[in-house]
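A.B. asks: Fold the stuff below for me.
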Amino acid sequence: MGVLVLVLILNVLDRQIINVLAEPIKRDLGLSDTQLGLVTGLFFAIFYNSVSIPLGRIADNLRTNRVHLISVCLAFWSGMTALCGTAQTFWHLVLARIGVATGEAGCVPPAHSLIADTVPKAKLAMALAIFGLGSPIGAFLGKSIGGVLNDLYGWRAAFFIVGVPGVLVALLMWLLLRDPRRMRTAELSRAEPKVPLREVIAEIRGSKAFVNIILAVATAALLGAGGSVWGMIHFLRNHELSTTQAGLWLGVIGGIGGSLGTWIGGVLADRWGQKNPRHYMTPQTIGLLCNIPFLFFAWYTHNWVLAIALLILPDLFDDLYYGGTFASVQGLVSRRVRATATASMLFVTTLLGTGLGALSFGFASDLLKPYVGDKESVRLVLMGSSFLYVVPAYFFWRAGCFLKEELDRRAAIEASTLDTGKAEFNARLQQEDGD
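C.D. replies: Alright, predicted model coming up:
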C-alpha cells in the first residue's frame, strides 16, 4: 500500500506542478489565459481519456501483471514531465503534457483494482482513502516544491527535478512488488472469460448510483481544477505573492486539509456506510455545501492572509469524497471489470474536470477582462464558481438514494457467480482425476 501511495503522490505532483508554474510559463512563452487553460486542462484531459479505458481493460485482463503496468506508466509520465522543461513554444509544451497524460492514465484504475482484490469489503473505503492521501500530498508537494524550485532555478529546471525521481521509483516497484492475482490458480482464471466493453458500459449505465456518482465527481472536479489553477494565479496577480509564497501557503493548507479530509471521509464512510450504505455519500454531500460561503469570501477578500485561512476548510471538504465514493464504485460493478469501470468514470470526470475546469475559468476570465481588467476578471470568476458547488452536492445525494439496493444486488450476484465458478472448477478437477 505504501508504494502505491508514493506512486499516486508522484502522479498528482507531476500533474499539478504546472499550476504554480503557469504564470512564469505564460510570461516566457507569451501565452493567453485561454492557452493556459488548454495546456493545463483540455489537452491533458483529451489524451488522458484516450488511453484510460484501454489501459483499464488491460488491467482487468487476468493475464496482466498490474504492478508492471503501473511501473511502465510511472516511468513514462515521469520522463515526459522532465521534458516539459525543454518546451520552447506553446505546442512543445502541449506535446510534453500529452505524454504526461498518457502515462498517468495507467495509475489509478489498476491501483484501485489491486486494493479491492486484497482488502476486505468492510475496510475498503478506509484502504482507498489511505491510497487517496497521495492526492493531497502530491498537490502540496507540486505547489510548494514547484514554487521554491521556480524561484531558485526557474520553471524549466523545476520540471526536470520533479520528473526524474519517478523513473527510479518505477524501477524499484517493478523489481520489488508482486501482483497477488498472478499467484492465483491458473485454471480458475481461465474459467473467467474477458468481459466485452459494451457489457461494461451497459453495467455502468444500468446503475443509477454509478451514473450519479460520475456526474457528482465530474462537476466537483471541474470546479476543483478550475479553482486550483486560477486560485494560484489569483494569489500571484491580485495579492502579488511570489511563486514560492503562493505555492508554499496553498500547498501547506491543501496538503493538510486534503489529507485530513481524505482520512476523515474514509473513516466516516466505513462507519456510517456499514449501518446504511447510502451514507457513503453523506460526508461529501454536506462538505460541498459548506464550501460555498468559505470559498466566496476567500476570493472576495483583499487580505491574502484571511483568504488563505478561509481556504483551509474547503480543502478538507473537497476530499471527503474519496474513500466512500471509490469504495461504492468497486461494489457497484462485477469484480472482473473494476479497473475498466474506474477508468470509465475517470474518462468522464477528467474530460469535464481537468479538461474543462481550467479552460472554462480562463475563457470566462478573458471574456470579463475588457470590462473589469486582468486582475478582477480572475477574482469574479472564482467568486461566481463558489455557488456552483450545490450541483455536485445534489448528485452525491441522489447517488446515495440508490446505493443500498444496488450494492446488495451486486453482492448477491457476485456470490452466486463465485459459487458457480467454484463448482465448475471442482467438477473439472474430478473429471480429470477420473480420466
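
A.B. asks: ok, now which ones touch the residue nearest to V333 when sequence neighbours are not counted?
C.D. replies: Leaving out its chain neighbours, the residue that sits closest to V333 by C-beta to C-beta, 6 or more residues apart in numbering is A341, at 4.3 Å. Every C-beta, even on glycine, is put in place using the N, C-alpha and C of the backbone. Residues near A341 by C-beta atoms under 8 Å, 6 or more residues apart in numbering: 56, 200, 203-204, 210, 329, 332-333.

A.B. asks: Out of those, the closest to I46 would be?
C.D. replies: Taking C-beta to C-beta as the measure, I46 sits nearest to G56 out of those, at 16.8 Å.

A.B. asks: give me the element that closest one is part of.
C.D. replies: For G56, the host element (DSSP states H and E) is helix 43-60.

A.B. asks: Could you give me the buried positions within the following helix or strand past that helix?
C.D. replies: Later in the chain than helix 43-60, the nearest helix or strand by DSSP H and E is helix 66-84. Within helix 66-84, the residues that count as buried by 16 or more other C-beta atoms under 10 Å are 66-71, 73-84.

A.B. asks: got the CA coordinates for the helix or strand following helix 66-84 in PDB?
C.D. replies: Following helix 66-84 in sequence order, the next helix or strand is helix 90-104 (DSSP H and E). In PDB, the C-alpha atoms belonging to helix 90-104 read as follows (Å, rounded to 0.1, in the frame of the first residue of the first chain):
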ATOM      1  CA  PHE A  90       3.100  26.500 -26.700                       C
ATOM      2  CA  TRP A  91       2.900  23.400 -28.900                       C
ATOM      3  CA  HIS A  92       6.100  22.000 -27.500                       C
ATOM      4  CA  LEU A  93       4.600  22.200 -24.000                       C
ATOM      5  CA  VAL A  94       1.300  20.700 -25.300                       C
ATOM      6  CA  LEU A  95       3.200  17.600 -26.700                       C
ATOM      7  CA  ALA A  96       5.100  17.100 -23.500                       C
ATOM      8  CA  ARG A  97       1.900  17.400 -21.400                       C
ATOM      9  CA  ILE A  98       0.200  14.900 -23.700                       C
ATOM     10  CA  GLY A  99       2.900  12.400 -22.800                       C
ATOM     11  CA  VAL A 100       2.300  13.100 -19.100                       C
ATOM     12  CA  ALA A 101      -1.400  12.500 -19.500                       C
ATOM     13  CA  THR A 102      -0.800   9.200 -21.500                       C
ATOM     14  CA  GLY A 103       1.300   7.700 -18.700                       C
ATOM     15  CA  GLU A 104      -0.800   9.000 -15.800                       C
END
